[in-house]
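Asker: sequence first, predicted coordinates after that:
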Amino acid sequence: MHSLEHDAETLASVLHKEEELDAARIRYIMAYDNCCYIFMTDGRKIFDNKTVKHYETIYCYKEFYRIHHKYLINTAGEIIIKPLSARKYMVILPCNTELEISYRRKDGFILYLANRKRLNCDRMNELFVNNRPVSC
């Protein structure tokens with residue numbers, strides 16, 4: 001289990017004023033049992049009793065992608081995809097946080113980035129053929 005702390009004032013604002021939670025200020029959302037932690041760009045961690053699935057349905061049209069059953073990330077900033085092995089890939093967010101990409105979601109995530117013109121064929125070659133990290 002993770003031992004992450006949350007600020008009571010922030011918790012109240014998320015639970016009662018969800019519309020004020022600006023998607024652009026969310027870096028990623030991490031599942032924690034049937035709740036979640038929201039990691040903000042300003043470094044705050046906000047606890048919420050809603051699931052990651054709840055936020056996935058809200059932010060699916062705002063450059064968010066579910067890379068793992070545990071993580072929903074904001075893809076708006078520059079991210080790096082780092083291969084560790086043939087089956088294991090990590091994504092590195094702008095804050096240098098490394099999160100695992102689920103093997104089953106990896107191909108969908110790569111296509112998502114390619115469709116948004118953030119990952120071209122040359123960089124896909126670097127990733128898959130040369131097994132090197134690429135930035136998107």
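Answerer: All right, it came through fine.

Asker: packing partners for the longest helix belonging to the chain?
Answerer: Longest helix of the chain, by residue count under DSSP state H: helix 103-115. The contact analysis (3 or more C-beta pairs under 8 Å, 6 or more residues apart in numbering; DSSP states H and E) places helix 103-115 against strand 64-68, strand 89-92, helix 121-128. Heads up, the C-betas are built off the backbone N, CA and C, glycines and all.

Asker: can you rerun that using 7 Å?
Answerer: With contacts defined as 3 or more C-beta pairs under 7 Å, 6 or more residues apart in numbering; DSSP states H and E, helix 103-115 has these neighbours: strand 64-68.

Asker: so which bits of the strand it packs on are buried?
Answerer: By 16 or more other C-beta atoms under 10 Å, the buried positions in strand 64-68 come out as Phe64, Tyr65, Arg66, Ile67, His68.

Asker: beyond that strand, next helix or strand please.
Answerer: Counting by DSSP states H and E, the next helix or strand C-terminal to strand 64-68 is strand 71-74.

Asker: any figure for the gap between the residue lying closest to Lys62 once chain neighbours are set aside and Ile73?
Answerer: Among residues not flanking Lys62 along the chain, Ala23 sits closest, at 4.6 Å (C-beta to C-beta, 6 or more residues apart in numbering). Applying C-beta to C-beta, to the nearest Å, the value for Ala23 to Ile73 is 12 Å.

Asker: same question, Phe39
Answerer: Phe39 sits 10 Å away from Ile73, going by C-beta to C-beta.

Asker: thinking again about what came up before, more neighbours, Ala23 and Ile73?
Answerer: A count of neighbours by other C-beta atoms under 10 Å puts Ile73 above the other of Ala23 and Ile73, at 25 against 14.

Asker: nothing else from me, thank you.
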